[in-house]
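1. whatever this is, show me its structure:
(one chain, ligands or ions: 3)
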Amino acid sequence: MMEMKCVAAVFSPTGTTAKVAAAVAEGTSLPVRTVDLCRQPEEETLDDGELLLAAVPVYGGRVPAVAKERLKNLHGRGPAIAVAVYGNRAYEDALLELKDTLTENGFTVVAAGAFIAEHNMVRSIAAGRPDESDLQKAGELGEKARKKLDDCKELKAVEVPGDPGYRDKKPGGGMAPHAGSKCVRCGACADACPVNAIPKDAPEKTEKNCIGCMRCVSICPQKARDLPAPVKMAVAGMLKAKCGRPLQPELFL
Ligand SMILES: Cc1cc2nc3c(=O)[nH]c(=O)nc-3n(C[C@H](O)[C@H](O)[C@H](O)COP(=O)(O)O)c2cc1C
Ligand code: SF4
Ligand code: SF4
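-> Numbers count the residues shown, from 1 in each chain. Ligands and ions are numbered 1, 2, ... in the order given. Down below sits the predicted model:
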C-alpha cells in the first residue's frame, strides 16, 4: 500500500486556525505538507494516498469566500478532514459548506471538527484560545480520523451540522481596518494581506476588496491599524451580548 501523507490546506489570517490545524495534523502521525490558502495555491490533484486536512476560520457563520475559491484548486478522490475555527459565537453553516466544497472537489469528508479560538475582531472574547485542552482535542480528531481510515475498507462521509439553505444565500462581507497616525509606511501589512487590499505605496488606504480578516491589524509592528473606533465599539457590544459562556470543541467522526 502507498504510504499515506497529510496535506494541510489552511486559511489562517491571524494564526489560530493554523494552530488547530497543526495539532490535528500531528494527531494523524502522518508526514505533513502545508498549502497556505492565504496565497493563491497552484491547481493540483492529490494522490489517493494523501489525506486532505482543510482548515478555515468561520466568517459570518460561513467559510470565508476567498478560502472557498482557493480550495477549489485542490482536487482528489481520497479522504478529507474538515476543520472550522470560530470565535465562540457560532459556526452555523461553515462546516457543512466546507464539507460541500471538498465533496464537490472529489474528496470524501471522513471526519470534521469545530474549534474555538480568540475572536480576532474583539480579542477579549475567548482570549487565549485555542488552549491546551482545545489542542488536545484537535490532536484527538487527527488520531481518530487516521484510525478510522486504517480500519475502513471503503470511505464513508461523516454527517456535520448546518442548514443546507445557506447554498441560496450570499456570504456577508467583513469590515475594513484603516491605518492611523502611528503608521510609518513600512509596508508589512501590504505584504501580508491575503487579498492584496493594501497598496504598498499607500498603506494608509484599504481597497474595497478587503475581506476584514484582521491580519494587517494583528501583524502591524506599530499597532497603527484597526477598525474605526465606533465600528469596533458596536461590534464588541454585539459580540459580548452573543458570546456568553465558553463553548467547547465538537468532533464528528
Ligand atoms: C470577518 C469575520 C467574521 C467572523 N465571523 C465569526 C462568526 O460568524 N462566528 C464566530 O464565532 N467567530 C467569527 N469570527 C471570528 C473568527 O472566526 C476567529 O477569530 C478565528 O479564530 C480567526 O481565525 P484565524 O486566526 O485563523 O484568522 C469572525 C472573524 C472575522 C474576521
Ligand atoms: S504595517 Fe503598520 S506601520 Fe507598517 S505600513 Fe502597515 S499600518 Fe503602517
Ligand atoms: S486589508 Fe483587509 S483583507 Fe487585507 S489584511 Fe487587512 S483586514 Fe485582511
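
2. what sits against A94?
-> 56, 58, 61-63, 84, 86, 114, 162 (CB atoms under 8 Å, 6 or more residues apart in numbering). In this view, the C-beta of every residue, glycine as well, is placed from N, C-alpha and C.

3. what is the closest residue to P31 other than its chain neighbours paired to in the beta sheet?
-> Using CB to CB, 6 or more residues apart in numbering and skipping the chain neighbours, the partner closest in space to P31 is K5 (5.1 Å). Judged by DSSP bridges, the bridge partners of K5 are E50.

4. which residues in the stretch 51-200 of the chain form strands?
-> Along the stretch 51-200 of the chain, counting by DSSP state E, counting those that start in this stretch, strands occupy 74-75, 79-86, 108-116, 178-179.

5. take those strands and lay them out in TSV including mean neighbour count and distance to A126.
-> Below are the strands of the stretch 51-200 of the chain laid out as TSV (neighbours: other CB atoms under 10 Å; distance: least, CB to CB, whole Å):
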stretch	mean neighbour count	distance to A126
strand 74-75	20	29
strand 79-86	29	9
strand 108-116	25	5
strand 178-179	20	25
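
6. and of those strands, who's closest to A190?
-> Distance to A190, taken as CB to CB, is lowest for strand 178-179 among the strands of the stretch 51-200 of the chain, at 10.4 Å.

7. what lies in contact with the closest one?
-> Against strand 178-179 from outside (CB under 8 Å, 6+ apart): 189, 203-204, 206, 220, 224-228.

8. which of the residues you listed sits closest to ligand 3?
-> T206 (4.9 Å; CB to the nearest ligand atom).

9. from ligand 1, how far out is the residue nearest to P31?
-> 23 Å (CB to the nearest ligand atom, to the nearest Å).

10. residues near that residue, how many?
-> 15 (other CB atoms under 10 Å).

11. isn't it right up against G49?
-> Yes: contact criterion CB atoms under 8 Å: K5 and G49 qualify, at 6.7 Å.

12. in this protein, where is pLDDT below threshold?
-> Within the chain, the stretches with pLDDT under 70 are 1-2.

13. which parts of it are helices?
-> Assigned by DSSP state H, the helices in the chain fall at 16-28, 65-71, 94-104, 132-151, 188-192, 215-219, 229-242.

14. mind checking which of the ones you listed is nearest M121?
-> Distance to M121, taken as CB to CB, is lowest for helix 229-242 among the helices of the chain, at 5.5 Å.

15. by contact count, what packs against that closest one?
-> Judged by 3 or more CB pairs under 8 Å, 6 or more residues apart in numbering; DSSP states H and E, helix 229-242 has no packing partners among the helices and strands.

16. buried stuff in that helix?
-> 236, 239 (16 or more other CB atoms under 10 Å).

17. reformat the helices of the chain into CSV and put distance to ligand 1 next to each item.
-> Output for those, formatted as CSV (distance: least, CB to the nearest ligand atom, whole Å):
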stretch, distance to ligand 1
helix 16-28, 3
helix 65-71, 10
helix 94-104, 8
helix 132-151, 11
helix 188-192, 12
helix 215-219, 7
helix 229-242, 8
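
18. can you list those helices in TSV and add distance to A157?
-> Compiled in TSV, the helices of the chain are given as follows (distance: least, CB to CB, whole Å):
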stretch	distance to A157
helix 16-28	18
helix 65-71	17
helix 94-104	7
helix 132-151	12
helix 188-192	36
helix 215-219	32
helix 229-242	31
